[in-house]
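Chemist: 3D model of this:
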Amino acid sequence: MSAQAVWGNVGRALSECTAALFPRLELGSGSRTAAPRTLLELLRRAGGSQQSGTTAVGTDGLVLAVPKKKVSHQKRRQKLYGPGKKQLQMMHHLGKCPSCGHYKRLNTLCMYCVGEIRHIWKVYTRTETAEPAQEQELSELDKRILYPGRQETEYMKKLKKKEYLEKRMRTLPVEDEGSK
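Modeler: Next comes the predicted model:
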């Protein structure tokens, strides 16, 4: 077979495959429909008015990136415990807080002192929620009779105590080297 015959067979096979895949798309000199310019246009023509095939396609015709496989256990561990630069580094820039004596990062505020200041500000700036004027004169018995559904459960009492919140661990005090 000559090279021209091979290329003729390949061209014929491609046109048959195109006609089978996209029956509405007619390629050729006498066709009324122009060839699609983007993948999005091709998908719209192939699917008709259905937009379900274009969910993973952007407006510019590019297919959005999606991982093909789940990251393996080995690669995950290698990322976590790989070379030394990628692991957690020891902190050498620690100093002593001048006011409380706990460890803190150099050139930063001590987190223990900041927490203490926040607590003091919260105590002094907290305003009690005032009851409406008509309820201030009611006794406890009157309130129970007027509002029978308003009962504080154990769960609500625990929530008000805020014991469920995780508190920041207190930093260790700096040990003096001379006292050893």
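Chemist: the helices in the chain, which residues?
Modeler: In the chain, the helices defined using DSSP state H lie at 3-21, 39-47, 73-80, 111-125, 133-136, 140-146, 154-161.
Chemist: quick one: contacts of the fourth one?
Modeler: Around helix 111-125, the neighbours that count as contacts under Cβ atoms under 8 Å, 6 or more residues apart in numbering are 97, 99, 100, 102, 104, 168, 170, 171. Where you see a C-beta, it was placed from the backbone N, CA and C, and this is true even at glycine.
Chemist: now this structure, which segments are flagged as low pLDDT?
Modeler: Scanning the chain for pLDDT under 70 picks out 1-40, 42-43, 46-64, 86-89, 178-180.
Chemist: how about a cut-off of 50?
Modeler: For the chain, the stretches flagged by pLDDT under 50 are 25-26, 52-54.
Chemist: how is it divided into domains?
Modeler: Domain segmentation of the chain under automatic domain parsing yields 3-53, 94-127+139-174.
Chemist: what number of residues lie near residue 111?
Modeler: 17 (other Cβ atoms under 10 Å).
Chemist: now it: how far from residue 103?
Modeler: Between residue 111 and residue 103 the computed distance is 10 Å (Cβ to Cβ, to the nearest Å).
Chemist: common neighbours of those two, please.
Modeler: In contact with both residue 111 and residue 103: residue 171, using Cβ under 8 Å, 6+ apart.
Chemist: residues making contact with stretch 149-163?
Modeler: Taking Cβ under 8 Å, 6+ apart as the rule, stretch 149-163 contacts 143, 164.
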